[in-house]
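**Q** all I have is the shape, not the residue letters:
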Ligand SMILES: Nc1ncnc2c1ncn2[C@@H]1O[C@H](COP(=O)(O)OP(=O)(O)OP(=O)(O)O)[C@@H](O)[C@H]1O
């Protein structure tokens, strides 16, 4: 600290010089700001080095102008200072003692280069000093600003985040589309993967095939390399030639066969012409008249035919040549009825049905040339009607009258539990029928074999049998597999025509209704049933026929049987078994059937066919029947 003695004895100038020397640290004749501050400090020790107080004091010493100059970092110099004091404006002692005077400083300042740099530094410092309060304020305000800045930053971040969210929201449909597109792409990728797998599998397959082909080629090479095998292979090529040669032989054989077959046919025609005579002969024989000559003639004819057949190499009629001889033999045993023995006359009434059957089945046999092309015989004929009306009887009569083979088929003979066996039986049946042609396949209760599709009880087996049956019927009586005059006819019967499969119904082209017998037919039927029975004079057949309206042929037959047993019942009443055994048979046979017997039978036996059943048949007849 500089201590200045206020009452010094030195001159003013010296005194001033001393002061300036004292404070002119750089000894350049100038006081710069730092030196000036040091000067104030020395003068005002009570300011305690407080910068602001010193500044304030300094400003009070100087004129505002000068202070401004000083703040602008213009330093004082001796000259200017001296001049000021020399002008007498100031009392230096006083100044230094009281420090209460204002004084003017000269503005003429010359600065050395060093001083200019210092001045620049000073200006900066001055600026900093001046700016200090503001800066201080700013510094004080800094935390707030900092907070604000931080808050602003957060807000800014939020705004940015919001903007991003907003962008995302705006982009959401696009994102959704992108997600969808991604899903589609994912599906496509999956599909591509599957395809790739398939391609790989196919490649593996083709590799396998390639391997097989390679192996085959190797095998083939080995075979070719083996001379013996090669020779065998070459000799195999001769086989077709042999087969061709066989075919020619076969043609030649067939040619010969036909020649003989013609002769056989002639014999057969002769036989057929003889059939009515033979039949009447048989009837006569049955009636007890002995005419031994005629059967002898028939046997002669048969023997001749067999001899001719043997010479011609023609297999006897009906020999089965199909792939299932054992099955054919079994079926034949089961279903073949060579002589059903039922004549037209055995069937009461049903004249319209007989006419239709004759036209559909009998005439094509008698006039094969006529039944060609559009007149080809029916493939199938359906007889439908209530139970017991004579359908089976009619079928047997057809077979007997035509002299055709009669294959009487029931469901049980065709259906089998082993897979494929039922269809095999159907095929075999038709092969057999063709071998035995002309023939009639009679399928009774065909509804149980060929129910409508989706009907209850329809199962896999019945479906397959049905299909096979349709195929076989389709193949009947067409130009390729049927020789003229040897037709195979399917004759079917059912009590439930409405339950038949539609496709089968179409193939059974002729559909004949077999109704309940009318009065005339009932009367006829009773007479047929009683023709070998002794009748009492009181028996009124007309009355019985009148009282049996609504009865089927089968019901009437039952009534006749029951009534005809009544005489025997009366005769044995009250007798023990031995007495019965010892009764005269002739006496029993002579017991006549009386009217009362019929009346009692009528009380016991009721009609089996309901009115509703008849109506249903009539309705189906009007819809699908043939007349
Ligand atoms: N028109 C008829 N002429 C002579 N007898 C008949 C006649 N109708 C029925 N009968 C007698 O009824 C019996 C049964 O006839 P058949 O079996 O032919 O009837 P169905 O119509 O085939 O019966 P189901 O439909 O029940 O098989 C015959 O054996 C015969 O005795």
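**A** On my side now, so go ahead. Owing to the predicted nature of the structure, the values given are computational and were not obtained by experimental measurement. Numbering: from 1, shown residues only.
**Q** any low-confidence regions in the stretch 401-550 of the chain?
**A** Within the stretch 401-550 of the chain, the ranges that satisfy pLDDT under 70 run 452-458, 477-485.
**Q** tell me where it has helices.
**A** Per DSSP state H, counting those that start in this stretch, the stretch 401-550 of the chain carries helices over the ranges 411-414, 421-435, 460-474, 502-507, 519-529, 541-547.
**Q** please name the nearest non-neighbouring residue to the residue in the stretch 351-500 of the chain that the ligand sits nearest to.
**A** With C-beta to the nearest ligand atom, the shortest gap between the stretch 351-500 of the chain and the ligand falls at residue 390, namely 2.9 Å. C-beta here means a position set from N, CA and C on the backbone, and glycine is covered the same way. In space, not counting the residues next to it along the chain, residue 390 is nearest to residue 553; the distance is 4.7 Å by C-beta to C-beta, 6 or more residues apart in numbering.
**Q** separation between that neighbour and residue 595?
**A** Going from residue 553 to residue 595 by C-beta to C-beta, to the nearest Å gives 21 Å.
**Q** neighbour count: those two, which is higher?
**A** Just comparing residue 553 and residue 595: by other C-beta atoms under 10 Å the higher neighbour count belongs to residue 553, 26 against 17.
**Q** near the ligand, which residues of this protein show up?
**A** Neighbours of the ligand within the chain, by C-beta under 6 Å from any ligand atom: 347-350, 387-393, 444, 493, 495, 517, 525, 528, 553-554, 557.
**Q** now the phi/psi pair for the residue of the stretch 201-350 of the chain found nearest the ligand, please.
**A** Nearest residue of the stretch 201-350 of the chain to the ligand: residue 348, at 3.6 Å (C-beta to the nearest ligand atom). Main-chain torsions, residue 348, degrees, to the nearest 10: phi -80, psi 140.
**Q** what about residue 582, how many neighbours?
**A** Residue 582 has 8 nearby residues by other C-beta under 10 Å.
**Q** could you give me the buried positions within stretch 589-608?
**A** Neighbour counts over stretch 589-608 (16 or more other C-beta atoms under 10 Å) mark 591, 593, 594, 595, 597, 598, 600, 601, 602, 605, 607 as buried.
**Q** what's the closest of the residues you listed to residue 505?
**A** Nearest to residue 505 out of the buried residues of stretch 589-608 is residue 607 (C-beta to C-beta; 28.2 Å).
**Q** show me what contacts the closest one?
**A** Counting by C-beta atoms under 8 Å, 6 or more residues apart in numbering, residue 607 touches 548, 550, 551, 552, 555.
**Q** over to residue 448?
**A** When contacts are counted by C-beta under 8 Å, 6+ apart, residue 448 touches residue 411.
**Q** and the end-to-end length of stretch 374-390?
**A** One end of stretch 374-390 to the other measures 30 Å (C-alpha to C-alpha, to the nearest Å).
**Q** please identify the helix or strand for residue 383.
**A** strand 380-384 (DSSP states H and E).
**Q** with mean neighbour count added, can I get the helices of the stretch 401-550 of the chain in CSV?
**A** Listed next are those as CSV, based on neighbours: other C-beta atoms under 10 Å:
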stretch, mean neighbour count
helix 411-414, 16
helix 421-435, 22
helix 460-474, 18
helix 502-507, 16
helix 519-529, 20
helix 541-547, 16
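**Q** which segments of the chain make up each domain?
**A** Using the TED database, the domain parsing of the chain gives 325-513, 519-606.
**Q** what distance separates the start and the end of the shortest one?
**A** Going back to what we said before, that points to domain 519-606. 17 Å.
**Q** one more: the longest one?
**A** Terminal residues of domain 325-513 lie 37 Å apart, using C-alpha to C-alpha.
**Q** in stretch 356-376, what counts as buried?
**A** Neighbour-count burial for stretch 356-376, counted by 16+ other C-beta under 10 Å, picks out 356, 357, 358, 360, 361, 362, 363, 364, 365, 368, 371.
**Q** what does stretch 558-569 rub up against?
**A** Applying C-beta under 8 Å, 6+ apart, the external contacts of stretch 558-569 come out as 526, 529-530, 533, 544, 548, 551, 588, 591-594, 596-598, 600-602, 604-605.
**Q** inside helices: which ones of those residues?
**A** Counting by DSSP state H, these place 526, 529, 544, 588, 596, 597, 598, 600, 601, 602, 604 in helices.
**Q** so what's the first one up against?
**A** Spelled out, that is residue 526. Applying C-beta under 8 Å, 6+ apart, the residues near residue 526 are 541, 544, 545, 556, 560.
**Q** hmm, which two among the buried residues of stretch 589-608 are most spread apart?
**A** 591 and 607 (27.3 Å).
**Q** tell me the pLDDT of the nearest residue to residue 539 once chain neighbours are set aside.
**A** Closest residue to residue 539 apart from its sequence neighbours, by C-beta to C-beta, 6+ apart: residue 595 at 5.1 Å. Reading off the confidence values, residue 595 has pLDDT 91.
**Q** for residue 595, list the residues it contacts.
**A** Here residue 595 is in contact with 536, 538, 539, 540, 543, 544 (C-beta under 8 Å, 6+ apart).
**Q** and which of the residues you listed is nearest to residue 573?
**A** The shortest approach to residue 573 among the contacts of residue 595 belongs to residue 536, at 17.7 Å (C-beta to C-beta).
**Q** what about the closest one, how many neighbours?
**A** Look at residue 536: counted by other C-beta under 10 Å, it has 14 neighbours.
**Q** which residues are in contact with it?
**A** 592, 593, 594, 595.
**Q** how about the residues you listed in CSV, adding distance to residue 56?
**A** Formatted as CSV, the contacts of residue 536 follow (distance: C-beta to C-beta, whole Å):
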residue, distance to residue 56
592, 175
593, 169
594, 171
595, 169
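**Q** quick one: which of these is nearest to the ligand?
**A** Within the contacts of residue 536, proximity to the ligand (C-beta to the nearest ligand atom) peaks at residue 593, which comes in at 16.7 Å.
**Q** show the average pLDDT along stretch 379-390.
**A** If you average the pLDDT over stretch 379-390, you get 90.
**Q** list the buried residues in that stretch.
**A** Buried residues in stretch 379-390, counting neighbours by 16+ other C-beta under 10 Å, are found at 379, 380, 381, 382, 383, 384, 385, 386, 388, 389, 390.
**Q** model confidence score at the residue in the chain that the ligand sits nearest to, please.
**A** As assessed by C-beta to the nearest ligand atom, the ligand sits closest to residue 553 within the chain, at 2.1 Å. According to the prediction, residue 553 has pLDDT 92.
**Q** and if you look at residue 239?
**A** Residue 239 carries a pLDDT value of 39.
**Q** ok, now residue 609?
**A** Value listed for residue 609 in the pLDDT field: 90.
**Q** might one say that residue 402 is in contact with residue 437?
**A** No - assessed by C-beta atoms under 8 Å, residue 402 is found out of contact with residue 437, at 11.4 Å.
**Q** quick one on the thing from earlier: how far away is the residue of the chain closest to the ligand from residue 420?
**A** Counting by C-beta to C-beta, the gap from residue 553 to residue 420 is 39 Å.
**Q** tell me which element the closest residue to residue 513 other than its chain neighbours is part of?
**A** Distance criterion C-beta to C-beta, 6+ apart; nearest residue to residue 513, sequence neighbours excluded, is residue 621 at 4.4 Å. Per DSSP H and E: residue 621 is located in helix 611-624.
**Q** coming back round to it: now do the contacts for the residue nearest to residue 513.
**A** Residues near residue 621 by C-beta under 8 Å, 6+ apart: 384, 511, 513.
**Q** from those, which is closest to residue 411?
**A** Nearest to residue 411 out of these is residue 384 (C-beta to C-beta; 16.5 Å).
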